[in-house]
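Chemist: the sequence and its predicted three-dimensional model are supplied below.
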Amino acid sequence: MKPRQISWKWLLLGLAVVLLLGIAILPRQFGDSSRLATRVTEALSAWTGGEVKLTGPLSVRYFPDVALKGGFELTNASRLPLVKSITATNAKISLDLAALLMGRLRIDAMRLNGPEIVLKDAPSLVMGPDQTLQARVANLLGGAPIGVVRVSDGTIRMPTASGTEVIEKIDARLDASSGNGSVSSFGTFMLRGEKVGFSLKLGAPSETDDGLTLPIGLTFTSMPLTAKVKGTASLANGLQLDGAVQADMPNARRFLQWAGIPLPEGTSLQRLTASGVAHWNGTTLTLDDGAFSLDGNAAVGLLALTPGERPRIEGTLDFDRLALDPYLASGTPTEPEAAQAKFADQAILKHFDADLRVSAADITAPAIRLGQGGFTISAKGGAIASEVGELELCGGSATGRIGLDLREEVAKASLTASLFDVPVDGCLAPLALDVSINGIGGAKAELAAEGRNYEELVRGLGGSLKFDARSGAVPVDFARLLGTVTPLDGDGWSRNSATLFDQLKADCRLDGAHIWCEVFSMQTRRGLISGSGDVDLRQQTLDWNLFVASNAQPLKASQLSIDIPPRISISGSLSRPTIRRADRPTLGEGSAQTDPAASQVSPR
């Protein structure tokens, strides 16, 4: 046998003897299992400020490391303000051998299998001078007698206003072994059916003029939300965070549903991204000079979110281009079941409080030409209001206010709007009015409605409507109607021989889809045309009686008589009406007609 082989054999034999002696001596050096468990529980109790118990059956092993195995209980931990209790029937606590040999106790790692963690209803933040938030954090980070905590298949139960929220299948690792107060943690858990991954890094705390601060980095990954935070945590006046934030929601509506807000399905609130410098003051998250994108609309500005049972959103957002298509499409249901659904259940802002100021260099909407504009949105407790400061509309402008009260089962809606210098022909198409009227017009509307669903609100919409227009034309050939001897039955809109007007005014009322105009006047260059009539928007029909005079005041329906000047009737389909002289008998009836030019003045 070679000398080298002999030396290795003796070395291995000596190592085995040392290990056997260690196994025999260590229990005497550290005390029995009961004494060792007492030292561990005392250290953990001092660190957490609570009561720690190691429950049986308890076993201690000394090889290959010194470890205790059994049950674990923690209650009344004053230095853990969120935690009410932690219980685990299967726990393993591994001790630092070198520290034990030197008479000190240091926990290398603690593994909890299947623990149940119960959080407090309202954590106490005032416990005395040595229990301030700064003291707690300094104790937890810098004075921890434990290096690594490993949790497998854990459960957290946290009380909420509606009951108890459960976080399941927690698999996480927390490492505080650096000794300088820095902590890192990562893992996964299940929340409301979604798997969530996280990574947290806390740097070593330091004292500054503003109190205790520490660097922080957090990554949150799930299907509903991906978020990153990198900044600084301050403990001078409670927990505050400052840093850069990036968040991405592939479907914001799905995220809000996952967060517990029962939003209905819809085409809006799809992809949402946000980035900027954020500040958390303990109750509200604020993004200053942030960049946001929602449903393809990009904006910059300030946004503040206060979470809670009823979240609150505040902000000022400036868009280069704001497309309203997703929001208007989801707000006008075409399916019968959608129209019959309760309006309060469909309204997004029923679930939030809000105070938003929005401006855009260009606003677009389906089938209507908009431009630059600004508006506000406010919501509180189900009462919603939107103020339109000024909005470009079809080359003119519009202002107004929309109100919606969802605090009762029957929703109440109101609308006040004013239009100025709007080209009439350019804005009639979206209303499906197949009438070639042109001119520069304005309108004022004061409308209200009540209903349990969208259909009832539309059907019950009513109020006053006032219209005016100037320098335009209507598709009726009044000159031909007044200048002929033979009555004309069956004329439709006159596309090529319209009647010009200087001024047009109408005072009307809306009742559901029915517009009744009691006062109508149109000043042409040679005479005044006045009268009354109605339009059925649902049936797309109309029925009007107009009177022509040289110098007459506008005539109401109550003033009609056989002694007034010629009457024109317009009735039937809105797209193809019947227009005729209604004061003359039909062809072949009555006496011969005289030349109307002797007693009339053509309005053209």
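Modeler: That came through fine.

Chemist: next, T38: secondary structure please.
Modeler: With DSSP: H, G, I helix; E, B strand; the rest coil as the basis, T38 sits in helix.

Chemist: quick one: pLDDT of it?
Modeler: Looking at T38, its pLDDT reads 87.

Chemist: go on, the one 3 residues further on?
Modeler: pLDDT for T41: 90.

Chemist: contacts only, for it.
Modeler: V52, K53, L54 (CB atoms under 8 Å, 6 or more residues apart in numbering). (Each C-beta comes from the backbone N, C-alpha and C, glycine too.)

Chemist: if we go to 6 Å?
Modeler: Neighbouring residues of T41 by CB atoms under 6 Å, 6 or more residues apart in numbering: V52, L54.

Chemist: what do you get for the one 10 residues further on?
Modeler: Contact analysis of E51 by CB under 6 Å, 6+ apart lists T75, N76.

Chemist: could you do A448 as well?
Modeler: Here A448 is in contact with S414, G463 (criterion: CB under 6 Å, 6+ apart).

Chemist: buried sites along the helix or strand harbouring it?
Modeler: Element membership of A448, judged by DSSP states H and E, is strand 438-451. Across strand 438-451, burial judged by 16 or more other CB atoms under 10 Å covers N438, G439, I440, G441, G442, A443, A445, L447, A449, E450, G451.

Chemist: tabulate those residues in a markdown table, adding columns for distance to D355 and pLDDT.
Modeler: As requested, the buried residues of strand 438-451 are exported to a markdown table (distance: CB to CB, whole Å; pLDDT from 0 to 100):
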| residue | distance to D355 | pLDDT |
| --- | --- | --- |
| N438 | 41 | 87 |
| G439 | 39 | 91 |
| I440 | 36 | 93 |
| G441 | 34 | 91 |
| G442 | 31 | 93 |
| A443 | 29 | 93 |
| A445 | 26 | 95 |
| L447 | 25 | 95 |
| A449 | 25 | 93 |
| E450 | 26 | 92 |
| G451 | 27 | 88 |
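
Chemist: can you classify L287 by secondary structure?
Modeler: Reduced to three states by three-state DSSP, L287 is strand.

Chemist: is it bridged to anything, and to what?
Modeler: A278, L303 (DSSP bridges).

Chemist: helix or strand for L328, which one?
Modeler: helix 325-330.

Chemist: mean confidence for that helix?
Modeler: Computed over helix 325-330, the average pLDDT equals 70.

Chemist: with stretch 191-199 instead?
Modeler: Rounded mean pLDDT across stretch 191-199 is 95.

Chemist: give me the residues contacting that stretch.
Modeler: Against stretch 191-199 from outside (CB under 6 Å, 6+ apart): I167, F186, T188, F189, T219, F220, T221, S222, M223, W258.

Chemist: so which of those residues is the most crowded?
Modeler: Highest neighbour count within the contacts of stretch 191-199: F189, with 20 neighbours (other CB atoms under 10 Å).

Chemist: I'd say that residue and V166 touch.
Modeler: No. Look at F189 against V166 with CB atoms under 6 Å: they stay out of range, at 10.4 Å.
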